[in-house]
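K.L.:
Turn this into a model:
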Amino acid sequence: MICILSDCASTDSWYWGPSKNGKFSVKSVYYLALNSNIVKNRSDCASASNSLFYKQLWKLDILLKMKLFLWRCCVNACCVNQLLFTTSITHNAKCLICQLDEKSIVHALFRCSFASSCWLASPFRLDTSSFQGNDFKDWICFLFDKYRDAPDQRDCYIQWPSLLWQIWKTRNKVVFIFENPNLTATIKAFNHTVEEGRLGISRFPNPHLPDNNPSSYCLSFDFSLHVSSPTLILAFTDGVWNNKSMKGGRGVILFNGVKRFIAAKCKAGSSFPAASMEAESVRDALLLASSLGFSNLVLFSDCQALVSSLNGISSSLDWAALSIMEDILSISSSFINIEFRFILRSLNKEAHFLAT
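P.N.:
Here you go, the predicted model:
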């Protein structure tokens with residue numbers, strides 16, 4: 001054996017085993033890392049890219065900008081003070097709002113005093129101190145699990161990313177234009193973002209509408225409601241409920257004062273009794289009108305008890321409807337002029353059709 005090796009004319013050379021041709025390449029190292037779990041030790045991002053977590057994140061039925069924002073938060077790609085401090089871009093890692101802790105992405109969106117106030121003021125009424133996760137993905141999993149059994153899961157998955165998005169935008173205003181954080185403005189912007197997500201709209205014009213002008217559509221039926229001002233918006237609402245299936249629906253349709261169609265919305269799912277569905281349809285109408293920038297509104301409902309309660313007259317609403325009344329009155333304060341009127345079911349067929 002020694003003789004054979006010593007008689008060999010060739011010289012020794014380096015050979016890279018993971019490569020077929022024996023030459024080193026970045027590609028071969030990449031595949032070696034995938035097979036030997038090196039990536040799991042060095043980077044959570046690459047190893048988790050094909051995990052159930054990211055699959056669930058990318059399958060969310062929300063606007064693409066929301067998905068990208070959540071992904072950037074998960075992979076620590078948002079420029080928060082903690083990250084900038086570690087790279088010597090800034091000399092202060094403290095949060096610019098509360099000055100109490102390092103501004104990580106978790107602190108910015110959940111633990112900061114302003115972020116906590118936003119979560120408490122939102123429809124979730126979430127106390128962020130109840131969960132102690134230190135990683136953003138832990139918080140996302142927490143939200144997934146907490147609202148997995150929500151009556152309307154799809155709508156819930158639209159709302160909490162929208163709230164995170166608006167909290168982040170408000171913080172950016174603090175950093176870049178030195179604007180004081182405003183809780184009311186943030187919640188109002190959150191409602192607008194939720195409506196944007198629900199309607200699946202963006203800031204770009206809709207190519208499927210002629211002249212991109214929804215008011216060019218005119219319905220042929222007669223309202224007979226004695227409202228003719230072109231500056232007013234008429235909102236027709238209705239809610240239905242099936243006591244056997246425990247499911248219901250709600251419909252909203254908006255017209256301007258000269259009876260031209262503007263927008264419509266309908267929604268179905270598990271619900272509380274009929275009065276609460278009527279109340280939710282009123283809330284839907286207010287949020288839709290607010291998101292479209294209208295400030296003068298006449299709202300019609302065929303639920304006499306609800307209309308009486310909204311006009312300050314005592315009525316026999318159930319507890320579920322009364323809990324929604326607080327949101328309705330809060331949203332109503334953002335309108336310059338608003339009226340609540342009762343309408344007969346026979347004159348509210350369009351909203352009833354949408355609800356069913």
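K.L.:
Just the C-alphas of the longest helix along the chain, formatted as CSV.
P.N.:
Of all segments of type helix in the chain, defined using DSSP state H, the longest is helix 153-176. Taking Å, rounded to 0.1, in the frame of the first residue of the first chain, the C-alpha atoms of helix 153-176 are listed here in CSV:
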residue,chain,number,x,y,z
GLN,A,153,-63.0,35.0,13.0
ARG,A,154,-62.4,36.5,9.6
ASP,A,155,-63.4,40.0,10.7
CYS,A,156,-61.3,39.6,13.9
TYR,A,157,-58.2,38.8,11.8
ILE,A,158,-58.8,42.0,9.9
GLN,A,159,-59.1,44.1,13.0
TRP,A,160,-56.0,43.3,15.1
PRO,A,161,-53.5,43.7,12.3
SER,A,162,-55.2,47.0,11.5
LEU,A,163,-54.7,48.2,15.1
LEU,A,164,-51.0,47.2,15.0
TRP,A,165,-50.7,49.1,11.7
GLN,A,166,-52.2,52.3,13.1
ILE,A,167,-50.2,52.1,16.3
TRP,A,168,-47.0,51.9,14.2
LYS,A,169,-48.1,54.8,12.0
THR,A,170,-48.8,57.0,15.0
ARG,A,171,-45.3,56.2,16.4
ASN,A,172,-43.7,57.1,13.1
LYS,A,173,-45.4,60.5,13.3
VAL,A,174,-43.9,61.0,16.8
VAL,A,175,-40.4,60.1,15.4
PHE,A,176,-40.4,61.9,12.1
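K.L.:
how about the helix or strand immediately after it in the chain: buried residues?
P.N.:
Tracing the chain C-terminally past helix 153-176 and defining elements by DSSP states H and E, one meets helix 183-199 next. In terms of neighbour count (16 or more other CB atoms under 10 Å), helix 183-199 has its buried residues at 186-198. C-betas here are computed from N, CA, C, even on glycine.
K.L.:
which other residues reach helix 183-199?
P.N.:
Helix 183-199 is contacted by residues 62-63, 66, 114, 117-118, 121-122, 155, 158-159, 161-163, 165-167, 169-170, 202, 263, 265, 287-288, 290-291, 331, 334 when judged by CB atoms under 8 Å, 6 or more residues apart in numbering.
K.L.:
Format the buried residues of helix 183-199 as TSV; extra columns: distance to residue 23 and pLDDT.
P.N.:
What follows is those, written out as TSV (distance: CB to CB, whole Å; pLDDT from 0 to 100):
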residue	distance to residue 23	pLDDT
186	57	90
187	60	88
188	61	86
189	56	87
190	56	89
191	60	84
192	57	84
193	53	85
194	55	85
195	58	80
196	53	81
197	51	82
198	56	78
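K.L.:
Tell me the one of the residues you listed nearest residue 324?
P.N.:
residue 191 (14.4 Å; CB to CB).
K.L.:
Okay, that closest one and residue 291: tell me how far apart.
P.N.:
7 Å (CB to CB, to the nearest Å).
K.L.:
Apply the buried test to the contacts of helix 183-199 and list what passes.
P.N.:
In these, the ones that pass as buried (16+ other CB under 10 Å) are 62-63, 66, 114, 117-118, 121-122, 155, 158-159, 161-163, 165-167, 170, 263, 265, 287-288, 290-291, 331.
K.L.:
Go through the buried residues of helix 183-199 and name the one nearest residue 104.
P.N.:
Nearest to residue 104 among the buried residues of helix 183-199, with distances taken as CB to CB, is residue 186, at 20.0 Å.
K.L.:
low-scoring stretches of this protein, by residue?
P.N.:
1-10, 36-51, 81-91, 101-103, 200-230, 269-272, 315 (pLDDT under 70).
K.L.:
Quickly list the domain ranges of it.
P.N.:
Structurally, the chain divides into domains by automatic domain parsing as follows: 15-45, 52-199, 218-355.
K.L.:
can I get the CA coordinates of stretch 252-261 in CSV?
P.N.:
Output of stretch 252-261 as CSV, limited to C-alpha atoms (Å, rounded to 0.1, in the frame of the first residue of the first chain):
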residue,chain,number,x,y,z
VAL,A,252,-76.2,48.6,5.0
ILE,A,253,-76.7,50.7,1.9
LEU,A,254,-75.8,54.4,1.4
PHE,A,255,-77.3,56.9,-1.0
ASN,A,256,-76.8,60.6,-1.3
GLY,A,257,-79.6,63.1,-0.8
VAL,A,258,-80.7,62.9,-4.5
LYS,A,259,-81.2,59.2,-4.2
ARG,A,260,-78.0,58.0,-6.0
PHE,A,261,-76.2,54.9,-4.8
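K.L.:
now the helices for the stretch 1-150 of the chain?
P.N.:
Secondary structure of the stretch 1-150 of the chain (DSSP state H, counting those that start in this stretch): helices at 2-7, 26-36, 38-42, 44-48, 52-58, 64-74, 81-86, 105-106, 113-121, 136-146.
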